[in-house]
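Colleague: here are the coordinates; sequence isn't available:
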């Protein structure tokens with residue numbers, strides 16, 4: 001009986017892990033890019049007097065939504081820099097975990113960006129839109145902050 005070599009027809013194994021530093025760089029870059037877009041848009045609208053005396057409310061709203069996550073990311077990056085005896089370049093994390101974190105972050109940041117960028121097209125005052133959006137952005141912010149924290153506090157065994 002002739003033996004058949006099935007190894008040539010076999011599908012290659014799917015990659016289920018990725019480098020932690022690469023994943024971390026992507027998450028940080030997404031946050032920095034969207035934060036700059038959001039704060040830059042608010043600044044331009046503020047300089048053009050779009051908020052008619054209520055600028056501080058808009059800045060408070062944006063800082064409350066972005067500040068905690070930016071602070072969390074900066075804290076983890078700085079603290080990782082001072083950890084001695086780690087081999088961070090060789091850490092690998094689950095790709096699924098990375099995409100879950102990235103997905104939550106993109107949904108959150110695109111939502112905030114969309115609210116601010118499309119502000120000129122609203123039929124309502126932006127202050128009303130801010131109040132209404134806070135109803136669904138606050139719970140989403142909690143999920144995003146938790147996912148960012150879990151992403152950066154991955155134990156060495158998981159990496």
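Modeller: The structure has been received and is ready for your questions. Values in this document were obtained by computation on a predicted structure and should not be read as measured data. Numbering: from 1, shown residues only.
Colleague: hang on, residue 112 packs against residue 66?
Modeller: Yes: using CB atoms under 8 Å, residue 112 is in contact with residue 66, at 7.2 Å. C-beta: built from backbone N, CA, C; applies to glycine.
Colleague: which neighbours do these two share?
Modeller: residue 38 (CB atoms under 8 Å, 6 or more residues apart in numbering).
Colleague: neighbour-wise, which of the two wins?
Modeller: residue 112 (22 against 19; other CB atoms under 10 Å).
Colleague: quick one, helices of the chain?
Modeller: Assigned helices in the chain, in chain order: 20-47, 55-82, 95-117, 126-152 (criterion: DSSP state H).
Colleague: out of those helices, which comes closest to residue 14?
Modeller: helix 95-117 (9.0 Å; CB to CB).
Colleague: name the helices or strands packed onto the closest one?
Modeller: For helix 95-117, the packing partners by 3 or more CB pairs under 8 Å, 6 or more residues apart in numbering; DSSP states H and E come out as strand 17-19, helix 20-47, helix 55-82, helix 126-152.
Colleague: which neighbours in the sheet does the helix or strand of the chain with the lowest mean pLDDT have, and how are they oriented?
Modeller: Ranked by mean pLDDT, DSSP states H and E, the weakest helix or strand in the chain is strand 92-94, scoring a mean of 83. Sheet pairing for strand 92-94, assigned by DSSP bridges, gives strand 17-19 (antiparallel).
Colleague: mind listing what's buried in the partner strand?
Modeller: 18-19 (16 or more other CB atoms under 10 Å).
Colleague: now do stretch 65-82
Modeller: For stretch 65-82, by 16+ other CB under 10 Å, it's 65-66, 69, 72-73, 76.
Colleague: quick one: contacts of that stretch?
Modeller: 24, 27-28, 31, 35, 38-39, 86, 88, 112, 137, 141, 144-145, 148-149, 152-153.
Colleague: go with 6 Å
Modeller: Applying CB atoms under 6 Å, 6 or more residues apart in numbering, the external contacts of stretch 65-82 come out as 31, 35, 112, 145, 148, 152.
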